[in-house]
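[1] structure for the following, please:
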Amino acid sequence: MNNRDLSDEICRDSADGVIVVASKMLDAGCHNPRPSVSCPAPTLLREEGFEVRIYTFDHPPPHVHVAKAGAIMKIDLATHQVTEIVGRMTNRDVKRAERLVARHARFLQEAWSKIHGSC
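    This is a model prediction of the structure:
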């Protein structure tokens, strides 16, 4: 997958069928000091029925939230392993999500750093 400018609204990569959505919120960072005002979670990747998001008002260590069919997995960006699952997810989908995050690790780590700063 080619490197993408995170300020792009939508990029389509016809080679692998991935749709990358990077919100303008990435440029702003949405470092919100007022927890009563929520920041959105940009969807960074949509692939194989998964949506990969980084919550803009989240905590270290760097991780992403991967949603599919009403369930959400938290995946560590350093290890590419699931650390938490909310809802029901098959073992097959857990492994597929981990591989998805591993394939796009550089892009996702850059997005985390752009939103939250380096950790």
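[2] point out where this protein drops to low pLDDT.
    For the chain, applying pLDDT under 70 flags the ranges 1-40, 119.
[3] what segments of it are helices?
    Per DSSP state H, the chain carries helices over the ranges 25-28, 91-103, 105-116.
[4] show me the strands in this structure, by range?
    Remark: strands assigned in the chain by DSSP state E are 10-13, 18-21, 43-47, 50-53, 63-68, 71-76, 82-86.
[5] which of the ones you listed is buried the deepest?
    Mean neighbour count (mean count of other CB atoms under 10 Å) peaks for strand 63-68 among the strands of the chain, with a mean of 22. All C-beta atoms are positioned from the backbone trio N, CA, C, and that covers glycine.
[6] state the distance from the nearest residue to residue 109 once chain neighbours are set aside to residue 65.
    Leaving aside its chain neighbours, residue 109 sits nearest to residue 77 (5.4 Å; criterion: CB to CB, 6 or more residues apart in numbering). Between residue 77 and residue 65 the computed distance is 11 Å (CB to CB, to the nearest Å).
[7] residue 110 too?
    Noted for residue 110: a distance of 17 Å to residue 65, by CB to CB.
[8] before we move on, back to that, make JSON lines from the helices of the chain and add distance to residue 69 and mean neighbour count to it.
    Output for the helices of the chain, formatted as JSON lines (distance: least, CB to CB, whole Å; neighbours: other CB atoms under 10 Å):
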{"stretch": "helix 25-28", "distance to residue 69": "25", "mean neighbour count": "16"}
{"stretch": "helix 91-103", "distance to residue 69": "8", "mean neighbour count": "16"}
{"stretch": "helix 105-116", "distance to residue 69": "21", "mean neighbour count": "18"}
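[9] would you list those in CSV and tack on distance to residue 47?
    CSV is the format used below for those (distance: least, CB to CB, whole Å):
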stretch, distance to residue 47
helix 25-28, 18
helix 91-103, 6
helix 105-116, 12
